[in-house]
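Asks: My questions concern the predicted model and sequence given below.
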Amino acid sequence: MAARRRLLAIAIVAPIVLVGAYFAARETSMFAVRTIAVSGGTPAVQSQVRAALAPLLGRSLLALDGGALERRVDALPTVVSTTYDRAFPHTLRVRIVPEVAVAVLHRGNEAWLVSGRGRAIRQIRAGTQLGLPRIWVPTAAQVAAGGFLAPDAGGTAARALALAAGFPARFTTVSFAHGELTMELRVGVELRLGEPVDVRLKLAIARRALRVLPPGSTYLDVAVPQRPVAGTNSQLSTSASSLSG
């Protein structure tokens, strides 16, 4: 009988002790964050993440607000998403998916790196990042680090470039005007995609059409994917030929 009472007492007291120990650990330096280890992205982006999370140093791993941590890091213009792990006793491990620049956006004298999600990453010096396509927007367009561009102020053009990853020809400029998307190729061909719908399909059609493009063609129109058209456009004459069939 006495043994049963002891077991019952242990069953009652043990959870109370464990809960008390947990809350005590939250308020002590037993599991305080001493190291923030960041993976993913460039060293510069990792440094930004560590700086953003510096206020967590010294706080208990048990007391971390995971949602607040992720929101703090995701708010950085260079970060898409964040995950984390508590590596007891003193390390916070953070993994990020970084934003990837697909173009340089020009607004007046300003130049900005923009991601494939249509997000402004950071302002850069004009005349740099020459390997990236250019997007030109009016000076009245709203552009801010970490902000998403409006569809007609670079957003649609940037997202089209993200869908064009791996395209066999490089782009120089991309524009979205009067509801139509146009991409200039370095080989001197203007790729006309029309309305920004079924962009992935149109790019796949354009990829195949480029292989049979008539010599001297200055544009390739895939606005109607089932009927791609190539041709020349000059002040003296205009000619076009269907590539379907």
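Replies: That came through fine. Residues are numbered from 1 along each chain as shown.
Asks: centroid residue for this protein?
Replies: residue 99 (3.6 Å; C-alpha atoms, centre = their mean).
Asks: for the closest residue to that residue other than its chain neighbours, what are its contacts?
Replies: Nearest in space to residue 99, with sequence neighbours left out and distances taken as C-beta to C-beta, 6 or more residues apart in numbering, is residue 115 at 4.1 Å. Using the backbone N, CA and C atoms, a C-beta is placed for each residue, glycine as well. Residues near residue 115 by C-beta atoms under 8 Å, 6 or more residues apart in numbering: 80, 99-102, 121, 158, 162.
Asks: ok, now residue 193?
Replies: 160, 180-183, 199, 202-203, 206, 222-223.
Asks: Try it again at 7 Å.
Replies: 181-183, 199, 202, 222-223 (C-beta atoms under 7 Å, 6 or more residues apart in numbering).
Asks: Same question for residue 192.
Replies: 182, 219-223.
Asks: could I get those residues as JSON lines with neighbour count, pLDDT and secondary structure?
Replies: JSON lines is the format used below for the contacts of residue 192 (neighbours: other C-beta atoms under 10 Å; pLDDT from 0 to 100; DSSP: H, G, I helix; E, B strand; the rest coil):
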{"residue": "182", "neighbour count": "19", "pLDDT": "98", "secondary structure": "strand"}
{"residue": "219", "neighbour count": "19", "pLDDT": "96", "secondary structure": "strand"}
{"residue": "220", "neighbour count": "22", "pLDDT": "97", "secondary structure": "strand"}
{"residue": "221", "neighbour count": "22", "pLDDT": "97", "secondary structure": "strand"}
{"residue": "222", "neighbour count": "26", "pLDDT": "97", "secondary structure": "coil"}
{"residue": "223", "neighbour count": "16", "pLDDT": "97", "secondary structure": "coil"}
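Asks: Closest one to residue 243 out of those, please.
Replies: Closest approach to residue 243 among the contacts of residue 192 (C-beta to C-beta): residue 220, at 7.9 Å.
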